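A.B. asks: please work out how this folds:
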Amino acid sequence: MGISTIITLVIVAVVIFWIVGIFNRLVTLRNRFQNAFAQIEVQLKRRYDLIPNLVETAKGYITHERETLEAVIAARNQALSGLEKAAAAPGSPAAMMDLGKAEGMLAGALGRLSVVVEAYPDLKANQNMMQLSEELTSTENKVAFSRQAFNDAVTEYNTYKQTFPPVIFAGAFGHAADASLLEFEDSAEIQAAPKVSF
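C.D. replies: As a prediction, this is how the structure comes out:
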């Protein structure tokens, strides 16, 4: 075996390891943003579980506001459906957009409920309502942090796969489409600390 053959084999080995490194980095970054979405999913499910309790507590006090309560439950159910679709395909532009819209509708419904609750001092002072409100606010903050981590991971993944040389191999390795950020409708309002004070 001649020196040129050895050099060729070394060069081929280096190129193979380099390509394998690109593949592994793409997989790692994709797994990172998918895991970050799983954290969002945990917090949103917790939030969705709190909402029926909130509505049940409010039902005893709010007799003339059934429409508002029903709107909250309907928005919650739609958001839960959006979450299930997004969990099946984290980063999918359509799934992220649908979840963002559903979350915007839920935030609006909860905002209307908050306004209604303000008109009922006994409900506002109810210990159960205060505890649920505090848990919901805490969960909202966790959702915001989880969403930021997800969006950061998606940005890192997209940036890496769009750079040279990974851009050459990304499509062949099954990473052709960019992952999509999760942005809630009326994102500016939601990010400015949710006001769920009952």
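
A.B. asks: quick check: mean pLDDT of stretch 122-136?
C.D. replies: Mean pLDDT, stretch 122-136: 90.

A.B. asks: buried ones in it?
C.D. replies: 123-124, 126, 129, 132-133, 135-136 (16 or more other CB atoms under 10 Å). Using the backbone N, CA and C atoms, a C-beta is placed for each residue, glycine as well.

A.B. asks: chain center to stretch 104-124: distance?
C.D. replies: 23 Å (CA atoms, centre = their mean, to the nearest Å).

A.B. asks: please apply the same query to stretch 64-81.
C.D. replies: Centre to centre, stretch against its chain (CA atoms, centre = their mean), the figure for stretch 64-81 is 20 Å.

A.B. asks: now do stretch 12-20: distance to the chain's middle.
C.D. replies: A distance of 36 Å separates the centroid of the chain from that of stretch 12-20, by CA atoms, centre = their mean.

A.B. asks: any residues touching it, and which ones?
C.D. replies: Residues external to stretch 12-20 that are found in contact with it (CB atoms under 8 Å, 6 or more residues apart in numbering): residue 169.

A.B. asks: next structured bit after the host helix or strand of residue 21?
C.D. replies: Using DSSP states H and E, the element containing residue 21 is helix 3-59. Following helix 3-59 in sequence order, the next helix or strand is helix 66-88 (DSSP H and E).
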